[in-house]
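[1] no sequence on this one, just coordinates:
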C-alpha cells in the first residue's frame, strides 16, 4: 500500500520532468538563421568574449569587439554571469560549433525602441559623461551615443563643460530620431522639476494671515512683486497696495523699497499679499487708541471737576 502511494505521488513529478525535457528538446532544435535576434544567459565572461546559454544545441559566443561601441567600455566590469543579453546571429558556426553573435547589431535595432519608451514615459536615467564637445557633452544610453547640450546640463548657465567629464548625471530623454541616429538628453528638465517641488513645498508652509517683510523687486501695471527671500516672491495687487485709489503702483512704491505685507492666500502655489490690510488695521488701531484716550481724558476731567466741587464745599 505504501509503495503504491509513493508511486502515485511520484507520477506528477515524472510528468513534469518529461514536459520540461520536451520543451528543452524543442527549444534546442528550433530553427535559427543568421540575422535573427535571440536572448541568452551569460554563463562565462573573459577579456576576449562572452558565452551565452541559448537553450540551443550550441552555445553563443560574443566577441569583445561585438559587445559595445561605448568608449571606455570594460567587458569584465560591465558583463557578469547570470546577465540576460540580446544579440544578433552573425554566423551559425564560428568554426568551433558555436553560434557567433553580435550584441552591437541587436542593440542598433532594439535600443531605439527602448529609447522611445523612455521618451514616452519620461523616465529618469543615470548616465556617465564620456566626452566633451564645443556645445555640450556626450553620454551613452542603451549603447547609443547621446548628446547633452550645455544649456541642459544644469539650471545654471554652464560656460565650461570640462568639469562634467566622468561625472554621473541624472537625465531624461527629450529627442529620439532613429533615422538621423539622434539622441538628445537633458538634466535640466529634472532639475527644474525638483526645484519647483521644493519651491511649492516652501509656499505650502506659509500661513495666511502672517505678516511678512520683503523688498519690492518689480512693478507692473497690475501690482508689485515683493521678494520675500529664500527664493520666494509674492504679488501685491494694485487694489491691495494702499487704502487710497491709485492708477499705478509707481505712485507709492519704488523698486528696492522695504515693505511689510500680510499673506492673504497661497492658492495655486502663488503668494498673494496685502499692504492695504495692514494699513487698515493700523488705522483701526489708532482710532481705537484715540477713542480710549478720549474716554480716559473725559473720565479724568469729570473726576477732577467733581473733586474741585467737593473741595469748595465747606462743612460746619
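    Nice, thanks for sending it over. Remember, it's a predicted structure, so these values are computed and weren't measured experimentally.

[2] for the stretch 151-300 of the chain, what spans make up the helices?
    Counting by DSSP state H, counting those that start in this stretch, the stretch 151-300 of the chain has helices at residues 188-204, 276-312.

[3] between those helices, which gets the lowest average pLDDT?
    In terms of mean pLDDT, the lowest-scoring of the helices of the stretch 151-300 of the chain is helix 276-312 (a mean of 65).

[4] Tell me which residues touch residue 178, please.
    Residues in contact with residue 178 (C-beta atoms under 8 Å, 6 or more residues apart in numbering) are residue 112. Every C-beta, even on glycine, is put in place using the N, C-alpha and C of the backbone.

[5] What distance do you get for it to residue 39?
    22 Å (C-beta to C-beta, to the nearest Å).

[6] can you check residue 77 too?
    22 Å.

[7] With neighbour numbers in mind, choose between the two.
    residue 39 (13 against 8; other C-beta atoms under 10 Å).

[8] pLDDT weak spots in the stretch 151-300 of the chain?
    284-300 (pLDDT under 70).

[9] which residues in the stretch 1-150 of the chain form strands?
    In the stretch 1-150 of the chain, the strands defined using DSSP state E, counting those that start in this stretch lie at 37-45, 49-53, 60-63, 84-91, 99-102, 124-133, 136-141, 144-149.

[10] Serialize those strands to CSV and add fields for distance to residue 192 and mean pLDDT.
    What follows is those, written out as CSV (distance: least, C-beta to C-beta, whole Å; pLDDT from 0 to 100):
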stretch, distance to residue 192, mean pLDDT
strand 37-45, 38, 92
strand 49-53, 40, 93
strand 60-63, 40, 93
strand 84-91, 35, 91
strand 99-102, 39, 92
strand 124-133, 13, 95
strand 136-141, 17, 95
strand 144-149, 14, 95
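
[11] Looking at those, spot the one closest to residue 281.
    Evaluated over the strands of the stretch 1-150 of the chain, closeness to residue 281 peaks at strand 124-133, with 47.9 Å, by C-beta to C-beta.

[12] buried residues in that closest one?
    Buried residues in strand 124-133, counted by 16 or more other C-beta atoms under 10 Å: 125, 127, 129-130, 132.

[13] I'd like the residues you listed laid out as JSON lines, including distance to residue 55.
    Output for these, formatted as JSON lines (distance: C-beta to C-beta, whole Å):
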{"residue": "125", "distance to residue 55": "31"}
{"residue": "127", "distance to residue 55": "33"}
{"residue": "129", "distance to residue 55": "39"}
{"residue": "130", "distance to residue 55": "35"}
{"residue": "132", "distance to residue 55": "44"}
